[in-house]
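In: following is a predicted model, sequence given first.
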Amino acid sequence: MELAAAIKAFIAAVRLEYGYSEHTVRAYERDLRDFSEFAEQAGATALAQCDLELMRGWLWQRQQRGLAASTLARNVATLKSFGSWLEQRRLVPGSPASRLRAPKTQRELPRVLADEQITRILERAALRAESGDPEQLRDRAVLELLYASALRVSELCSLDLGGVDRRERTVRVLGKGGKERVVPLGAPAAEAIDAYLETGRPSLAIRSEQPDLAAFFLGRRGARLGTNTVYRLVARELEHEPGGGPRGPHTLRHTAATHLLNGGADLRVVQELLGHASLASTQVYTHVSTERLAQSYRQAHPRA
């Protein structure tokens with residue numbers, strides 16, 4: 001069997017059978033496309049030639065390109081998943097990636113906005129929405145919901161009309177691994193959503209002869225809102241705010257989680273809200289809170 005054909009079958013499996021998020025599937029595709037190109041240059045186009053040394057060679061090449069340890073760790077995880085799938089399908093006698101070891105990564109704390117920063121962002125969005133422009137009404141609802149309910153961008157874009165209960169102020173989302181959860185939303189987010197549904201969404205829907213009737217958030221042509229549009233929206237907002245780090249929608253998720261913990265929310269409650277399978281994933285936000293406390297102490301205490 002050819003390596004390219006095996007990769008194609010694996011990607012189809014993770015997309016259709018395993019319930020992985022589209023973000024994860026695209027990461028697998030990028031990694032394995034790069035690996036396949038490396039293998040082809042090495043003359044290894046058959047699956048039988050896809051051995052441990054070939055994989056190590058690919059990882060070494062990527063390391064020489066100066067890629068981050070976190071990226072290399074993801075590359076190793078991709079190869080391990082691919083190798084396990086090959087072994088399960090009995091396409092190879094054993095997983096060639098089983099002996100790969102991921103480099104140790106130093107976990108960086110996520111970027112978190114200060115209270116006044118997120119307030120400015122949402123106030124700017126509300127001011128723009130006063131024009132009645134349907135895209136501005138939608139963008140305000142997007143920003144409010146990302147912060148209010150700490151959604152992943154994939155969860156927000158895959159949200160259907162039936163997923164929002166305006167009376168109970170809850171949102172039903174499909175998270176990683178196809179796990180469903182219901183999360184609350186606050187009064188400002190509910191207000192922004194009401195305005196979008198009453199005026200913005202109908203205006204966006206009539207721009208297309210075949211709008212996506214199920215999608216909650218619509219793009220400018222009536223199709224389901226794409227993740228790239230949300231990334232650009234959040235990036236534009238974060239450009240106006242001081243501080244370095246990522247400028248994507250996940251920053252609003254990090255901010256919401258940290259603000260909840262700073263406000264006294266229980267760690268287990270925040271874990272449930274975020275849809276984390278492991279409490280360890282949620283605990284990073286306690287580190288953020290501790291670091292901000294230490295920074296404030298160093299700046300304010302005369303004998304720090």
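Out: Thanks, I have it. All values derive from a computational prediction rather than experimental measurement.
In: could you use CA atoms for every contact and neighbour count after this?
Out: Will do.
In: could you say what helices and strands whatever helix or strand Ala9 lives in packs with?
Out: Assigned by DSSP states H and E, Ala9 belongs to helix 3-16. Packing partners of helix 3-16 (3 or more Cα pairs under 8 Å, 6 or more residues apart in numbering; DSSP states H and E): helix 22-41, helix 69-88.
In: which residues are contacting the first one?
Out: By Cα atoms under 8 Å, 6 or more residues apart in numbering, the surrounding residues in contact with helix 22-41 are 3-4, 7, 11, 14-15, 45, 50, 54-55, 58, 75, 78-79, 154.
In: so which of the residues you listed wins on neighbours?
Out: Most neighbours among the contacts of helix 22-41, by other Cα atoms under 10 Å: Asn75, with 23 neighbours.
In: adding distance to Gln210 and mean pLDDT, write the helices and strands packed on helix 3-16 out as a markdown table.
Out: Output for these, formatted as a markdown table (distance: least, Cα to Cα, whole Å; pLDDT from 0 to 100):
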| stretch | distance to Gln210 | mean pLDDT |
| --- | --- | --- |
| helix 22-41 | 24 | 92 |
| helix 69-88 | 37 | 91 |
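In: between the ones you listed, which gets nearest to Arg166?
Out: Evaluated with Cα to Cα, those place helix 22-41 nearest to Arg166, the distance being 27.2 Å.
In: after the closest one, which helix or strand is next?
Out: Assignment by DSSP H and E places the next element after helix 22-41 at helix 52-64.
In: sorry, back to before: for the contacts of helix 22-41, which one is nearest Pro242?
Out: Nearest to Pro242 among those is Ser154, at 26.2 Å by Cα to Cα.
In: confirm for me that that closest one is in contact with Thr227.
Out: Yes. Ser154 is within contact range of Thr227, at 6.7 Å (criterion: Cα atoms under 8 Å).
In: so where do the helices sit in this structure?
Out: Remark: helices assigned in the chain by DSSP state H are 3-16, 22-41, 52-64, 69-88, 115-129, 134-149, 153-157, 187-195, 201-205, 227-239, 250-262, 267-274, 279-300.
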